[in-house]
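K.L.:
Sequence and predicted model, in that order:
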Amino acid sequence: MMKILPSEITPYKNYINRRKFIKSSVAAGVLIGASTTLKASHLAEDNPFNNQLDENDNLNTFEDITTYNNFYEFGMGKTDPSENSSNFNPKPWSISLEGLINNPQVLDLEKILNKVTIEDRVYRLRCVEAWSMVIPWQGFPLSEIIKIADPLSSAKFIQFVTVFRPEEMPGQKRRLLPWPYVEGLRMDEAMHPLTILSTGLYGHDLLNQSGAPIRLVVPWKYGFKSIKSVTTIKFVDKQPDATWSMLAPSEYGFYSNVNNNVDHPRWSQGTERRIGEFKRRKTLMFNGYEEEVSYMYEGMDLKKYY
């Protein structure tokens, strides 16, 4: 199981103050042993994209976030990712940019981080299984990578691919899913400023069980759209394959926007269980980001394009 020292697991009210110290230490060149995420240049904590939460959206603990999640590459149980991911090696890491672009290339993650500004993004995460969390991510807009790739006008969608290492990811030795895991976004969704590539949470590099070293985060969609441990970003002209919408298209649509008006065939999506809370919450349309993203789906039948 991947662990962080208890002394490093801080509540968010202390985390922002800690961030200020780290930022000044990095500028002074005195920080030793900091994460890759923290060594990158960092946007101030007054990020406007953190304003969508309300007073009832309390952060989940570091332990909740890193010990309760789905990452079938390490097993089907909620604790399997934290228990079975210690042999996974996320360094060094590179991402291949492919498809309908002017600049196909393989980018080293360290070089990517030298070109981007890391931001704090506190987002709700809503699983299609009707549970949720609030997570303080660190990352950068996916649009920064798209700019580097310089897509052709014919590129309308992006497909993302998770690493395939069955020797390190025991779940991939079983035929649970057609490996490697793939996901996709429409180009406007990928370019939206809420869509990020995350490299950390709670001020630490992502742990293996959380999608190290880099993962997608799309907060208005169900969690399985936020693909983990990304190795390939491919620009295509048609809607790409996505693992769950291929396996069970009647249950998991390509868009998979959080929608409290469209139930899963086997359970309601009207409410959710916030991890750490007893009572269920009402699920918000687009996971609470309706004002920011609904324009992209104007005129679409969201019961058909679920």
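P.N.:
Done, it's in. Residues are numbered from 1 along each chain as shown.
K.L.:
residues contacting D301?
P.N.:
Applying Cβ atoms under 8 Å, 6 or more residues apart in numbering, we find D301 in contact with no residue. Just so you know, the C-beta spots here come from the backbone N, C-alpha and C atoms, and that holds for glycine as well.
K.L.:
ah, wrong one, I meant C127
P.N.:
70, 222-224.
K.L.:
Y289: which of the residues you listed is nearest?
P.N.:
Relative to Y289, the closest of the contacts of C127 is Y222; by Cβ to Cβ it sits at 12.8 Å.
K.L.:
By neighbour count, which of the contacts of C127 wins?
P.N.:
Y222 (25 neighbours; other Cβ atoms under 10 Å).
K.L.:
which residues does the residue lying closest to that residue once chain neighbours are set aside contact?
P.N.:
Using Cβ to Cβ, 6 or more residues apart in numbering and skipping the chain neighbours, the partner closest in space to Y222 is V128 (4.0 Å). By Cβ under 8 Å, 6+ apart, V128 lies in contact with 222-224, 252, 256, 264, 269.
K.L.:
Check S256 too.
P.N.:
128, 221-222, 224-225, 244-245, 306.
K.L.:
What backbone torsions are found at the nearest residue to P170 once chain neighbours are set aside?
P.N.:
Counting by Cβ to Cβ, 6+ apart, P170 lies nearest to N84, which is 5.5 Å off, once chain neighbours are set aside. Note on N84: its backbone torsions stand at phi -120, psi 10 [degrees, to the nearest 10].
K.L.:
Start at 30, not 1
P.N.:
Done: numbering now begins at 30, and the last item shifts to N113.
K.L.:
Next, count neighbours for R309.
P.N.:
Around R309 there are 14 residues (other Cβ under 10 Å).
K.L.:
repeat for P170
P.N.:
Neighbour number of P170 under other Cβ under 10 Å is 21.
K.L.:
swap in W160?
P.N.:
If we define neighbours as other Cβ under 10 Å, then W160 has 17 of them.
K.L.:
So in terms of bridging, what pairs with it?
P.N.:
Beta bridges link W160 to R302, judged by DSSP bridges.
K.L.:
you'd agree I243 is up against L136?
P.N.:
No: using Cβ atoms under 8 Å as the test, I243 is too far from L136 to be in contact (10.6 Å).
K.L.:
mind listing what the spatially most central residue of the chain touches?
P.N.:
Note on the chain: the residue nearest the mean C-alpha position is V246, at 2.6 Å, using Cα atoms, centre = their mean. Contacts for V246 (Cβ under 8 Å, 6+ apart) come out as 150, 152, 154, 166, 168, 224-227, 255.
K.L.:
roughly how far apart are it and I147?
P.N.:
13 Å (Cβ to Cβ, to the nearest Å).
K.L.:
so what sits against both of these two?
P.N.:
In contact with both V246 and I147: G168, using Cβ under 8 Å, 6+ apart.
K.L.:
How are the helices of this protein distributed by residue range?
P.N.:
Per DSSP state H, the chain carries helices over the ranges 41-57, 65-68, 91-96, 109-113, 138-144, 171-178, 216-220, 272-276, 319-322.
K.L.:
which regions of this protein lie under the pLDDT threshold?
P.N.:
30-80 (pLDDT under 70).
K.L.:
beta partners of S125?
P.N.:
V135, T261.
K.L.:
Fine by me, thanks again.
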